[in-house]
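K.L.:
just need the structure, nothing else, for what follows:
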Amino acid sequence: MRTTLLLIPALLFAGESAPLPQVVYVPFDQAPDVAVGKQGIMLPYEQFVKLWDKANPAKPDPTKIIPPVSAALTGYALTGVTKGELAELTLNASISALAEGWSSIVLPAGLALREFSASDKRVLIQRGNTGLVVHLPAPGTYTITALLAAPITKDPSGRRSLAVLAPAAAAGRLDLLIGETQADVVVSPAVAVSTAAEKDGTRLKAVLGAAAQVIVSWQPPVKAAVG
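P.N.:
Numbers count the residues shown, from 1 in each chain. The predicted model follows:
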């Protein structure tokens, strides 16, 4: 197969946007007889295409919308129960992936993860420098479930405290069964809080705000606190 060269009009370098010009292939062994003159040059076709693309870049598609974020945690619910010096929590969250291809969200680095699952088996979780990174394979809505553990501290007065790390989301809820009946519960910060006595303890329900950490503290009844 003979090598070919391309005779290119000088219009390529005129700085004007125009359709791809008519091309003339010249057999290599006949190239010395071609009179290029001052109106053109000869070079391999692949190089010509690269030069043409640079001189005539494709215009952006006005119908293509670029999302403001690649993915976002739209809401979550934390449910659990206190057991002695530990709280066992379950995080159920909904994530919207907007960008084409892979995208990700970051969960708080301090979450003590015991188990993780997702509605799509392609979803991956990785512990990085900034936190727990959840990788999403394509645009869509995903749900994730994570089993967590958090320590409960106790001060000299008998008051218990639990630090809840809250993911960054538009909406979050906490439903916690505290293993102390008629406990005096304080949640800070929170948008709304309610408590109710149950057979096995005190049920706490709270709507969480935008804080990265929520402190739940409670004082058991005097008899229980002394014991």
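K.L.:
so where's the protein uncertain?
P.N.:
Scanning the chain for pLDDT under 70 picks out 1-43, 61-63, 222-227.
K.L.:
I'd like the domain boundaries of it, if you could list them.
P.N.:
4-55, 71-226 (automatic domain parsing).
K.L.:
which parts of the longest strand along the chain are buried?
P.N.:
If you go by DSSP state E, the chain has its longest strand at strand 140-154. Of the residues in strand 140-154, 142, 144, 146, 148, 150, 152 count as buried by neighbour count, 16 or more other C-beta atoms under 10 Å. For glycine as for every other residue, the C-beta is placed from the backbone atoms N, C-alpha and C.
K.L.:
need the helices for this structure, in chain order.
P.N.:
Secondary structure of the chain (DSSP state H): helices at 45-55, 222-226.
K.L.:
ok so, going back, the domains of the chain: which one's closest to residue 65?
P.N.:
domain 71-226 (9.4 Å; C-beta to C-beta).
K.L.:
now that closest one: how far from the chain's centre is it?
P.N.:
18 Å (C-alpha atoms, centre = their mean, to the nearest Å).
K.L.:
contacting residues around the closest residue to residue 100 other than its chain neighbours?
P.N.:
Leaving aside its chain neighbours, residue 100 sits nearest to residue 139 (6.5 Å; criterion: C-beta to C-beta, 6 or more residues apart in numbering). Residue 139 is in contact with 97, 98, 99, 100, counting by C-beta atoms under 8 Å, 6 or more residues apart in numbering.
K.L.:
and for the first one, the neighbour number?
P.N.:
Around residue 97 sit 26 other residues, with neighbours defined as other C-beta atoms under 10 Å.
K.L.:
distance of it from residue 127?
P.N.:
Look at residue 97 and residue 127: by C-beta to C-beta, to the nearest Å, they are 20 Å apart.
K.L.:
now the contacts of residue 139 in CSV, with distance to residue 201?
P.N.:
Below are the contacts of residue 139 laid out as CSV (distance: C-beta to C-beta, whole Å):
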residue, distance to residue 201
97, 38
98, 41
99, 44
100, 48
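K.L.:
if you rank these by neighbours, which is first?
P.N.:
For these, the largest number of neighbours (other C-beta under 10 Å) sits with residue 97, at 26 neighbours.
K.L.:
most packed of the domains of the chain?
P.N.:
Mean neighbour count (mean count of other C-beta atoms under 10 Å) peaks for domain 71-226 among the domains of the chain, with a mean of 16.
K.L.:
let's have the domains of the chain in CSV, adding distance to residue 65.
P.N.:
Listed next are those as CSV, based on distance: least, C-beta to C-beta, whole Å:
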stretch, distance to residue 65
domain 4-55, 25
domain 71-226, 9
